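The following block contains a protein sequence and its predicted model.
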Amino acid sequence: MLEIRDLHASINGKEILKGINLTVNDGEVHALMGQNGAGKSTLSNIIVGHPAYEVTQGSIMFNGQDLLAMAPEERAHAGIFLSFQQPVEIPGVSMNNFMRAALNAKRKAQGLEPIPATEFLKLMRERRRIVELDSKLANRSVNEGFSGGEKKRNEIFQMAMLEPTFTILDETDSGLDVDALRIVAEGFNKLRKPETSALVITHYQRLLDYLKPDIIHVLINGQIVHTGGPEVATMIENEGFDQFVKES
Amino acid sequence: MIAEKQYIELYEQCRGMINEHSAALLNEPREQAYNDFCHLGFPTQKLERYKYTNVAEAFAPDYGLNLQHIDIPVNPYEVFRCDVPNLSTSLYFVVNDRFYDKVLPKASLPDGVLVMSLAEAAIKYPHLIEGRYGRLARSSKDGLNALNTMFCQDGLFIYVPRNTIVERPLQIINILRADVDLMVNRRVLIVVENGADVKLLFCDHAIDDHQFLATQVSEVYVGENAHLELYELEETHVKSHRFANMYVDQQRSSTTTIDNLTLHNGMTRNRTDVTLSGEYAETKMYGCVVADKQQHVDNNTLIDHRVPNCQSTELYKYVLDGEALGAFAGRVLVREGAQKTTSQETNANLVATDTARMYTQPMLEIYADDVKCSHGSTVGQLNEQALFYMRQRGIPLDEARMLLKFAFVGEVLDSIRLEPLRDRLHYLVEKRFRGQTMEQREQCQIHSSIAESRERKTEGQLSKCEGCKLCK
């Protein structure tokens, strides 16, 4: 599904990623762990096409398409979704209008007609339940005045609406209490399908206990220094990242 | 005084003809206005209140004037069908400077309410006009008032007698219509007597592909305990120039809401002066401007707190694209002794391109020591983070920009108290923003409406203005 080859990237002239190789197959959940500043968020931002980052070398293929040649919205239409670490507040744009615009843009890219109003509202109701999102929040402006937990739940709700094939969770667990974490993680699991994949970025084992990733990568200083099974998370939990720093 | 010369000469040659096609009460101040105009000329950019608009330049071209009041054989009612189910208004038309009275709306107004030609009212009801006409809009104070008073022959008169509540909003559509480049000098007099209540909606349209220059001077008297909501919507085209001066006088415990929206235009200069003459009066002033290309919109306001215990709120929002120029200068004056005044003035602007320009100047001048006043302004760009967030969700860049702009002016639109009008304006503004995207494909709605109007003209009919979606 996703194939990253020798990816080098920088922001404001500073090199952050120094040759990433990563392959995610259909149905797999990968976790990416690493210290602050290792380049985890840079990698996720580059996958979704954030304009601030410059790719200096390497390639990313997504289902055979050259991802780096696509606009952010085209990547979204192709099935890529990022659950933002810090979801943006957009005052004055209601969740309803926002979601409708997003859904219809995707449908248009697929050659489908806009979704009928009643069907849309029904879908909104149905998908809200997955993350127990209050219906009142749906009538408010996007993320405006949402609590940290509500914002993260709102991200998973949007994922439920858009049904991506490849999802990146960028520190979705940060700022969540245990109950909210459970709701978000269970919501994500409900949305998993045999053909969908995900890349989960986190510092902690707790989220991974719910999501049960197939493969865990350790990112240190812009490079993946270690790849292994679920046991890697336990190693990090017990001994920290230092063991890998030495390794690299 | 080069630009002035042609108007001075025109007046000297045609004063007889001007007077002949007007009314005595309107003719009376003409000579004084002529003297004032000779003395003042057009306001220059050296004057504080005209800093951002070159008036003389706009008046320099040679425009035709319909001083003989040659009739334009049209029935706007036949072409403007008002079938918006929820926005039921009493609909009137003013074609150039003339009130269209050959057909009038069937729904009758409450007893004593007048909506009619100003010149005709000056003959039939001189007692209602005398002492009011020209009292607020002094020709000695402003060159544009002088010019308008010199040349205006007719316009609109609205009168709501004491304690009369007009339930249905009155909608007045100003149509600019001509086969040559035309100058129009329109005059409006609105009297809302003590305890009366009325809602007015003015829509400005230009339906022919010619240069238009319209001056409009409005005088609005709001009596004690009277309530006035006045909405002005400009949807003309890039060849229209609008110079509108409005003077409002508010008596004790009256409330006024003035909403001024510029959606399509060429050059617009709106001066709005509100005087709070009676205690406990309240003014709300809102403005919304959407401009692109080389459009020019200059709103200049004054709220004059003359007496204690009054309230004023002012909110203007601009969205500028292309090479548009926006200007907002709002002065709130709290005079000596106007204690317990509350006033809030805000101007927020979104400048979406490097080539658009915004000048903003909120002013607060206070000569009393027990008041609560604030003022502020912002100029900013679209939020890049929000744009990216939306794009990540699949919303194309143009659409994301549109949603953000629309959200930005939403605050002003939400201030509209007439719910059907509010919904309608949400729709029109959204359409306006979408129109910009369309224009990039050389397919602007105004252009197509002009093309349409040309086609219709061959049928010898008044063409339907694409702009008047309020009535569709």
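Looks like it arrived, so ask away.

all helices for chain A, in order.
Applying DSSP state H to chain A gives helices spanning A:40-48, A:72-78, A:95-109, A:117-130, A:135-139, A:148-162, A:178-191, A:205-211, A:231-239, A:242-247.

Make TSV from those helices and add mean pLDDT to it.
Output for the helices of chain A, formatted as TSV (pLDDT from 0 to 100):
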stretch	mean pLDDT
helix A:40-48	95
helix A:72-78	97
helix A:95-109	95
helix A:117-130	92
helix A:135-139	78
helix A:148-162	93
helix A:178-191	92
helix A:205-211	90
helix A:231-239	88
helix A:242-247	74
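
Go through these and name the closest to residue B:299.
Residue B:299 sits nearest to helix A:95-109 of all these, at 28.5 Å, using C-beta to C-beta. No exception for glycine: its C-beta is placed from N, CA and C like everyone else's.

Please report how far the residue positioned nearest the centre of chain A lies from chain B.
By C-alpha atoms, centre = their mean, chain A has its centre lying nearest to residue A:168, at 1.9 Å. Using C-beta to the nearest C-beta, to the nearest Å, we find residue A:168 at a distance of 10 Å from chain B.

still on that earlier bit, in JSON lines: the helices of chain A, plus distance to residue B:34.
Listed next are those as JSON lines, based on distance: least, C-beta to C-beta, whole Å:
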{"stretch": "helix A:40-48", "distance to residue B:34": "68"}
{"stretch": "helix A:72-78", "distance to residue B:34": "61"}
{"stretch": "helix A:95-109", "distance to residue B:34": "55"}
{"stretch": "helix A:117-130", "distance to residue B:34": "61"}
{"stretch": "helix A:135-139", "distance to residue B:34": "59"}
{"stretch": "helix A:148-162", "distance to residue B:34": "66"}
{"stretch": "helix A:178-191", "distance to residue B:34": "76"}
{"stretch": "helix A:205-211", "distance to residue B:34": "82"}
{"stretch": "helix A:231-239", "distance to residue B:34": "89"}
{"stretch": "helix A:242-247", "distance to residue B:34": "89"}
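
Nearest to residue B:413, out of those?
Nearest of the helices of chain A to residue B:413, taken as C-beta to C-beta: helix A:95-109 at 14.1 Å.

just how off-centre is the closest one within its chain?
Computed by C-alpha atoms, centre = their mean, to the nearest Å, the separation of helix A:95-109 from the middle of its chain amounts to 19 Å.

Does residue B:112 touch residue B:165 like I think?
No. Residue B:112 lies out of contact with residue B:165 (C-beta atoms under 8 Å); the separation is 11.9 Å.

hmm, back to that, quick one: contacts for the residue nearest to the centre of chain A?
Counting by C-beta atoms under 8 Å, 6 or more residues apart in numbering or on different chains, residue A:168 makes contact with A:44, A:47, A:48, A:80, A:81, A:82, A:83, A:198, A:199, A:200, A:201.

pretty sure the fifth one is touching residue A:164, no?
Pointing back at residue A:81 there. Yes. With contacts counted by C-beta under 8 Å, residue A:81 reaches residue A:164, the gap being 3.5 Å.

circling back: reformat the helices of chain A as TSV; add distance to residue B:54 and mean neighbour count.
Output for these, formatted as TSV (distance: least, C-beta to C-beta, whole Å; neighbours: other C-beta atoms under 10 Å in any protein chain shown):
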stretch	distance to residue B:54	mean neighbour count
helix A:40-48	47	23
helix A:72-78	42	22
helix A:95-109	40	20
helix A:117-130	49	14
helix A:135-139	47	13
helix A:148-162	49	22
helix A:178-191	59	18
helix A:205-211	63	18
helix A:231-239	69	15
helix A:242-247	67	13
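
For the closest residue to chain A within chain B, list the residues it contacts.
Relative to chain A, the nearest point of chain B is residue B:407 (2.7 Å; C-beta to the nearest C-beta). Counting by C-beta under 8 Å, 6+ apart, residue B:407 touches A:90, A:91, A:92, A:93, A:141.

From the residues you listed, pick out the ones that also neighbour chain B.
With the criterion set as C-beta under 8 Å from any C-beta of the partner chain, the members of the contacts of residue B:407 near chain B are A:90, A:91, A:92, A:93, A:141.

isn't there a strand covering residue B:283?
Yes. Residue B:283 forms part of a strand when assessed by DSSP: H, G, I helix; E, B strand; the rest coil.

Do I have it right that it meets residue B:305?
No. Using C-beta under 8 Å, residue B:283 is not in contact with residue B:305, being 9.3 Å away.

In terms of neighbours, single out the busier of the two.
It is residue B:305, of residue B:283 and residue B:305, that has more neighbours when counted by other C-beta atoms under 10 Å in any protein chain shown, with 32 against 24.

related to what we said a few turns ago, out of the contacts of residue B:407, who's nearest residue B:396?
residue A:93 (14.8 Å).

picking up where we left off before, quick check, nearest of the contacts of residue B:407 to chain B?
Of all the contacts of residue B:407, residue A:92 has the smallest distance to chain B: 2.7 Å, by C-beta to the nearest C-beta.

count of neighbours near that closest one?
Other residues close to residue A:92 by other C-beta under 10 Å number 18.

measure it to residue A:98 for me?
Distance, residue A:92 to residue A:98, using C-beta to C-beta, to the nearest Å: 10 Å.

And the residue of chain B closest to chain A, what's its pLDDT?
Predicted confidence (pLDDT) for residue B:407: 92.

For chain A, what lies in contact range of chain B?
Residues of chain A lying close to chain B (C-beta under 8 Å from any C-beta) are A:48-51, A:71-73, A:75-77, A:81-82, A:84, A:87-93, A:97-98, A:101-103, A:105-106, A:109, A:141, A:158, A:162.

what number of residues lie near residue A:225?
Residue A:225 is flanked by 17 other residues according to other C-beta under 10 Å.

What segments of the stretch 1-150 of chain B are strands?
B:64-65, B:90-95, B:98-99, B:114-117 (DSSP state E, counting those that start in this stretch).

any chance of these in CSV, plus mean neighbour count and mean pLDDT?
Formatted as CSV, the strands of the stretch 1-150 of chain B follow (neighbours: other C-beta atoms under 10 Å in any protein chain shown; pLDDT from 0 to 100):
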stretch, mean neighbour count, mean pLDDT
strand B:64-65, 16, 90
strand B:90-95, 22, 88
strand B:98-99, 22, 92
strand B:114-117, 19, 96
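
out of those, nearest to residue B:217?
When these are compared by C-beta to C-beta, strand B:90-95 sits nearest residue B:217, at 13.8 Å.

first vs last residue of stretch A:88-101, how far apart are they?
Stretch A:88-101 has an end-to-end distance of 17 Å (C-alpha to C-alpha, to the nearest Å).

Centre of chain B to the edge, which residue is at the far end?
Residue farthest from the centre of chain B, counting by C-alpha atoms, centre = their mean, is residue B:392 at 40.7 Å.

What pLDDT is listed against that one?
What the model reports as pLDDT for residue B:392 is 97.

Tell me if I'm right that it and residue A:48 touch.
Yes. Between residue B:392 and residue A:48 a contact is recorded at 5.2 Å, counting by C-beta under 8 Å.

Would you mind listing the residues touching both of those two?
With C-beta under 8 Å, 6+ apart as the test, residue B:392 and residue A:48 both reach A:72, A:75, A:76, A:82.
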